[in-house]
Each structure stands twice: as structure tokens, then as C-alpha cells.
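Novice: show me how the following folds:
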Amino acid sequence: MKTALFVCVHNAGRSQAAEAFLNHIASERGLPIRGESAGTEGGAMLNPTVVALMQTRGISMEGQSPKILTQEMADAADKVITMGCGVDADKCPARVHFTDDWGLDDPKGRPEAEVEVILTEIEARVLLLIDELQAS
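Specialist: Next comes the predicted model:
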């Protein structure tokens, strides 16, 4: 099973959406790939706009909640991707080799139309990541 770990500071929006997209698509296609997400600080709750818009795409984020990055999560991942949130290595609770940074805008406080654009970008990147993980 290949694992991609999506890391942000609060693990409330972008990284959670990436995890949900990856798990949903991999499950639909019967692929041995899974997504996880975590934050270096962790947030109080998921971004409600992200959750609502993912639901309109037929992807439930029920059961997901912000999590703190652990060394075990980082060690188990084949890919560790930051979302563009400027993860501070000194504040990171685990020693991690980040394999990619997606440089995505933070959906926090943005109108739905802007969040939809961010989610579309995340989905496109997840699809490319799935191809990459299958080829490796």
C-alpha cells in the first residue's frame, strides 16, 4: 500500500481535502493507495466551507478531524507533501523530508467560489499524484 501524507499547519482545509480526494478516488478505482493528512500545530475543526463543497462533489469528510503530525506518520509515508502553508521545520513535531510543496492558497476565510477553485486544483494534483504513485 502506497501512502501520501499531506501536511499543513492547521490540517483543517487543503490537506484534509487532499486526503479525502485521494482516498475517494483510490477506493473508486480499487487502488492500493491511501492518503493521510496532519498539521504541525493542528486546528480546532475542519473548514466548514471545504467540507460543504466536498460534499457537493460527492465526497464526505465525515469522521475526519485535524491531527498533529507524528514521526510515525512521516516514516510510513511514501510521499510527504506540504500544501503551500510555509511549514516551519523548527516547529514541526517530526523530522520529515518533504517531497513536494503544492503552493496552494489557504481557503480559510475565502468565499465559496475561491474555495472551489482551490479544491479543483487539489483534485487535479491528486490525480497526477495517483499516476505517479502507480508508476513507482
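Novice: which residues touch residue 46?
Specialist: The neighbours of residue 46, taking Cβ atoms under 8 Å, 6 or more residues apart in numbering as the test, are 12, 13, 16, 61, 64, 65, 66. Using the backbone N, CA and C atoms, a C-beta is placed for each residue, glycine as well.
Novice: how close does it get to residue 130?
Specialist: To residue 130, residue 46 is 23 Å away according to Cβ to Cβ, to the nearest Å.
Novice: may I have the host helix or strand of residue 73 as PDB, with CA atoms only?
Specialist: Under the criterion of DSSP states H and E, residue 73 resides in helix 71-76. Extracted in PDB, the C-alpha atoms of helix 71-76 (Å, rounded to 0.1, in the frame of the first residue of the first chain):
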ATOM      1  CA  GLN A  71       7.100  10.800  13.400                       C
ATOM      2  CA  GLU A  72       5.300   7.500  12.700                       C
ATOM      3  CA  MET A  73       3.100   9.200  10.100                       C
ATOM      4  CA  ALA A  74       6.000  10.700   8.400                       C
ATOM      5  CA  ASP A  75       8.100   7.500   8.400                       C
ATOM      6  CA  ALA A  76       5.200   5.400   7.000                       C
END
